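*Asks:* Make a model of this:
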Amino acid sequence: MAYKYRVSLSGIKGFYRVYKMSASSTLYAFHKQMRADMEFPADQLILFKGLDADGNVVARYGLFDLGDGAADQVSVADTRKKGIVSFVYFYDVTNRKSVIVTFEEESPEAAGAPMLVDSKGPDPIDFENGYVAFEDLPADQRHLPSDGAKKKNPLEALLGSLDDLDDEDAGDEEEDEDDEDDEEEDRIDEEAVEVYDGSEELSV
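*Replies:* Reported below is the predicted structural model:
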């Protein structure tokens, strides 16, 4: 039997991790895999706070037995039998840092140790440091290429600037050529004018 769990952050759409594991996988094995994948600190106490479908706390599992068994003694199948549908997993109890772990589905296929099968967004620490995913931006700050607001990369911007300079140079050259043409026409017109002082015989 294989179980699938989704890891998320409260109120953030731009992050998730999906794990698949055998029903016999322990919470401790799950904890170790999440810690490795998301670079959680290795020197902190951890806690799985199990919740039922109504959001009530059903059990707590830590590195030590808190009354419901230690994390290395309890399998994910055991937690399902208790009616636990999600956990608040504290990867740093002291600083109250946590993620939400939600049961998604079970399937009859074989599975092994907890394994990351899908992901989105950077690790939770990046969100702590101010990272904001596109999905979490206010609607008026979202700009898609289809909206005509595609931002050029530096190379495109440089090429665009060169094109603009070429256009300006071409315009200057055209203006210079026009000025030269006008001067030439004026010179020809002046040379074509015959001046008579009255002493010449005019042919009729």
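*Asks:* Domains in this structure, by residue range?
*Replies:* The chain resolves into domains spanning 2-141, 152-193 when parsed by automatic domain parsing.
*Asks:* With mean pLDDT and mean neighbour count added, can I get those domains in CSV?
*Replies:* Any C-beta I mention is one placed from the backbone N, CA and C, and that applies to glycine too. Shown next, in CSV, are the domains of the chain (pLDDT from 0 to 100; neighbours: other C-beta atoms under 10 Å):
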stretch, mean pLDDT, mean neighbour count
domain 2-141, 95, 16
domain 152-193, 59, 10
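*Asks:* Just give the nearest non-adjacent residue to Asp92, would you?
*Replies:* Leaving out its chain neighbours, the residue that sits closest to Asp92 by C-beta to C-beta, 6 or more residues apart in numbering is Gln44, at 4.4 Å.
*Asks:* same question, Gly112
*Replies:* Ser22 (5.8 Å).
*Asks:* Touching, the one you found and Ala110? I think so.
*Replies:* Yes: the criterion here is C-beta atoms under 8 Å, and Ser22 meets it with Ala110 at 7.4 Å.
*Asks:* any residues in contact with both of those two?
*Replies:* Both Ser22 and Ala110 are contacted by Ala2, under the criterion C-beta atoms under 8 Å, 6 or more residues apart in numbering.
*Asks:* gap between the two ends of stretch 44-53?
*Replies:* From its first residue to its last, stretch 44-53 covers 29 Å (C-alpha to C-alpha, to the nearest Å).
*Asks:* and what of stretch 20-36?
*Replies:* 15 Å.
*Asks:* again, but for stretch 73-90
*Replies:* End-to-end for stretch 73-90, by C-alpha to C-alpha: 18 Å.
*Asks:* Also stretch 77-95?
*Replies:* 29 Å.
*Asks:* Repeat that for stretch 33-46.
*Replies:* 13 Å.
*Asks:* rewinding a little: what separates the residue nearest to Asp92 from Leu137, distance-wise?
*Replies:* Separation of Gln44 from Leu137 (C-beta to C-beta, to the nearest Å) stands at 31 Å.
*Asks:* next one: Asn56
*Replies:* Distance, Asn56 to Leu137, using C-beta to C-beta: 34 Å.
*Asks:* now what about whichever strand or helix holds Arg35, what contacts it?
*Replies:* Here Arg35 sits within helix 27-38, counting by DSSP states H and E. With C-beta under 8 Å, 6+ apart as the test, helix 27-38 has contacts from 5, 7, 17, 19, 21, 40, 42, 46, 48, 61, 63, 70-72, 74-76, 79, 89, 91, 99, 113-116, 123-124.
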